[in-house]
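Student: Got a predicted model here, sequence first, then my questions.
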Amino acid sequence: MSREHTTPEMWENLEYPAFPLCGSEQRQFTFRRHELYSVARCEACGLHYLYARLTEAAMQDVYRQSSYYEGGTSGYADTSYTGQESALRTI
């Protein structure tokens, strides 16, 4: 996804945290999904995490939208949550 295909709101809803477990700011980028998100490897402990990431408020907004659970470009993109309901429930 190139910057011209993103909206200013997408960039405003991102945070650029230190690694959540050890607090290190030292990272290497091992995989880039697209311009907004990468998978970073913490140089202090070697674990991977999403960088940048949505703020908690932005994530809650996404989860409140019923479209997240019905397929589309995010969430359950290849099928709907309802379509997977029986497989996701424990017996």
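Tutor: Looks like it came in fine.
Student: Go ahead and report the secondary structure state at Tyr68.
Tutor: Classification of Tyr68 using DSSP: H, G, I helix; E, B strand; the rest coil returns helix.
Student: For it, give me the pLDDT.
Tutor: pLDDT, Tyr68: 73.
Student: Correct me if wrong: it contacts Val62.
Tutor: Yes. With contacts counted by CB atoms under 8 Å, Tyr68 reaches Val62, the gap being 5.7 Å. Any C-beta I mention is one placed from the backbone N, CA and C, and that applies to glycine too.
Student: More neighbours: the two, which one.
Tutor: Higher neighbour count among Tyr68 and Val62: Tyr68, with 17 against 13, using other CB atoms under 10 Å.
Student: all helices of this protein, in order?
Tutor: Using DSSP state H, the helices of the chain run over 8-12, 56-64, 81-88.
Student: Using TSV, lay out the ones you listed together with mean pLDDT and distance to Ser24.
Tutor: Shown next, in TSV, are the helices of the chain (pLDDT from 0 to 100; distance: least, CB to CB, whole Å):
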stretch	mean pLDDT	distance to Ser24
helix 8-12	72	24
helix 56-64	88	21
helix 81-88	76	35
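Student: tell me the contacts of Cys42?
Tutor: 19, 21-22, 24, 26-27, 48-49 (CB atoms under 8 Å, 6 or more residues apart in numbering).
Student: do you know how far it is from Ser86?
Tutor: 38 Å (CB to CB, to the nearest Å).
Student: what do you get for Glu25?
Tutor: Look at Glu25 and Ser86: by CB to CB, they are 44 Å apart.
Student: which residue is nearest the middle of the protein?
Tutor: The C-alpha lying nearest the average C-alpha coordinate of the chain belongs to Arg53 (CA atoms, centre = their mean; 5.7 Å).
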